[in-house]
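**Q** My questions concern the predicted model and sequence given below.
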Amino acid sequence: MKLKTRFTAHDYFDIRRLSYEPPHLATIDLPHTYNMETAISKWIDSNLKKRYFLKKVIGLTKSNKIETVLRAGFEDPKELSYFVLACPLLKYK
């Protein structure tokens, strides 16, 4: 198991992952599949530094259908860009 060499206050008090979606977050909707939420949460915890929101919500898909989607939101828009470009769990057609 890889241990972090540096802890932040967000990590210590377990407040990095937000339980609600503040309006100032930069968000993206992802298609929801089985176990995607926990895998993405682990990737964000190990690769990004600031607070984030990750939860299943009702939203529109690319085909304009109302379905359950996984919404990811980040305080820093740079982290959203890095997440979209670097996360290996996001597969595009």
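**A** That came through, no problem. Predicted model only: the values in this text are computed from it and were never measured. Numbering: from 1, shown residues only.
**Q** Show me what counts as buried in stretch 28-40.
**A** Going by neighbour count (16 or more other CB atoms under 10 Å), the buried part of stretch 28-40 is Asp29, Leu30, His32, Met36, Glu37, Ile40. Backbone N, C-alpha and C define where each C-beta goes, glycine included.
**Q** my guess is Val69 meets Leu30, correct?
**A** Yes: look at Val69 against Leu30 with CB atoms under 8 Å: they come within range, at 6.4 Å.
**Q** just to revisit the earlier point, Serialize the buried residues of stretch 28-40 to CSV and add fields for pLDDT, secondary structure and distance to Leu89.
**A** CSV is the format used below for the buried residues of stretch 28-40 (pLDDT from 0 to 100; DSSP: H, G, I helix; E, B strand; the rest coil; distance: CB to CB, whole Å):
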residue, pLDDT, secondary structure, distance to Leu89
Asp29, 92, strand, 15
Leu30, 90, strand, 9
His32, 85, coil, 12
Met36, 90, helix, 7
Glu37, 92, helix, 11
Ile40, 95, helix, 6
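**Q** Take these and lay them out in JSON lines including distance to Pro22.
**A** Formatted as JSON lines, the buried residues of stretch 28-40 follow (distance: CB to CB, whole Å):
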{"residue": "Asp29", "distance to Pro22": "16"}
{"residue": "Leu30", "distance to Pro22": "19"}
{"residue": "His32", "distance to Pro22": "21"}
{"residue": "Met36", "distance to Pro22": "22"}
{"residue": "Glu37", "distance to Pro22": "19"}
{"residue": "Ile40", "distance to Pro22": "19"}
